[in-house]
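Novice: Build me a model from this:
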Amino acid sequence: MKNCGKREERFCTEATTWRRLRLVFGLAVLAMVALSAQAQTATGVNTKTYAQVPGSILQLFYRGADNSLYTRWRNPDGSWCGEQHLGGILNGDPFAARVPGTNILQLFYRGADNSVYTRWRNPDGTWSSEQNLGGILNGDPIAAQVPGSNILQLFYRGADNSVYTRWRYPNGMWSSEQHLGGILNGDPIAAQVPGTNVLQLLYRGADDSLYTRWRNPDGSWSSEQHLGGILNGDPVAAQVP
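Specialist: Numbers count the residues shown, from 1 in each chain. Next up is the predicted model:
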């Protein structure tokens, strides 16, 4: 990286690590895309999300034509089940993540009132009722495991277009909302920095360039760092194998 100022000094000293991060983030199940065509036959689909059910099942989630949540899953033998209606009223895309240290699959989405809603799949295959987590969203939520812990952290763009977060403790309780700052022009994404317990957050800023901040292992957050570029969409990130 050329002409790095003092603000970007830390980024320059870790340039080798950044070269190894390519913008190809998914849900750690990259092979799932090839299966998508088999899973869209009944309900008019607005959006979709994939996730692995803890075990050996690939589950698909999407917002239907009535804006409620639907799911179907791929059995281990390659066949697909029929469509299942989970309910709710969505105002955006759902996001699914495994609850660390459990066999629970947690689903998040922006509701009709623009706050965060969640429901989860229990290990026996049953689903919880809908739970309102609060907040006012101006985009879709995402979630990631806090490295080195059994904490699931949620991120989203708030009504003022800045980043907000809250997290799920191992006992199932949720923290209050925390304001991280910044001005976003899209949804954030989060990924673990390989070989560390650092969680990196990336997003498109108000000037359409790339910004980042990260969560240190002690729970503190860095200040915002400007990475540059001109984006016409949301960034993604993943570890290069």
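
Novice: what's the distance between the spatially most central residue of the chain and Thr165?
Specialist: Centroid check for the chain by C-alpha atoms, centre = their mean gives Ile142 as the closest residue, at 2.5 Å. Per C-beta to C-beta, to the nearest Å, Ile142 is found 10 Å from Thr165. Bear in mind the C-beta positions are built from the backbone N, C-alpha and C, glycine included.

Novice: So for the two, which residues contact both of them?
Specialist: 154-156 (C-beta atoms under 8 Å, 6 or more residues apart in numbering).

Novice: Quick check: the residue nearest to the centre of the chain touching Pro94?
Specialist: No - counting by C-beta atoms under 8 Å, Pro94 is not a contact partner of Ile142; they are 10.7 Å apart.

Novice: any residues in contact with both of the two?
Specialist: Phe108.

Novice: for stretch 60-71, what is the average pLDDT?
Specialist: Averaging pLDDT along stretch 60-71 yields 97.

Novice: That one: end-to-end distance?
Specialist: End-to-end distance of stretch 60-71 (C-alpha to C-alpha, to the nearest Å): 5 Å.

Novice: can you list the residues that contact stretch 71-78?
Specialist: Contacts to stretch 71-78, defined as C-beta under 8 Å, 6+ apart, come from residues 35, 38-39, 53, 56-62, 80-84, 86.

Novice: residue ranges with poor pLDDT in this protein?
Specialist: The chain contains residues with pLDDT under 70 at 1-52.

Novice: what do you get if the cut-off is 90, keeping everything else the same?
Specialist: Counting by pLDDT under 90, the chain shows low-confidence ranges at 1-57.

Novice: what is Leu90 paired to in the beta sheet?
Specialist: On the basis of DSSP bridges, Leu90 is bridged to Gly111.

Novice: Same check on Ala97?
Specialist: Ala97 has these beta-bridge partners by DSSP bridges: Gln106.

Novice: ok, it touching Val146?
Specialist: No - Ala97 is beyond contact range of Val146, at 11.7 Å (criterion: C-beta under 8 Å).

Novice: Specify which residue of these two has the higher count of neighbours.
Specialist: Neighbour count, other C-beta atoms under 10 Å: between Ala97 and Val146, Ala97 has more, with 23 against 19.

Novice: quick revisit: joint contacts of Ala97 and Val146?
Specialist: Common contacts of Ala97 and Val146 (C-beta under 8 Å, 6+ apart): Leu152.

Novice: how long is stretch 197-209 end to end?
Specialist: Start-to-end span of stretch 197-209 (C-alpha to C-alpha) is 26 Å.

Novice: Show only the entries of the shared contacts of Ile142 and Thr165 found in strands.
Specialist: Assigned to strands by DSSP state E, the following of the shared contacts of Ile142 and Thr165 qualify: 154-156.

Novice: Please identify which of these is nearest to Leu199.
Specialist: Phe155 (9.6 Å; C-beta to C-beta).

Novice: so is His179 in a helix, a strand, or just coil?
Specialist: What DSSP: H, G, I helix; E, B strand; the rest coil gives for His179 is strand.
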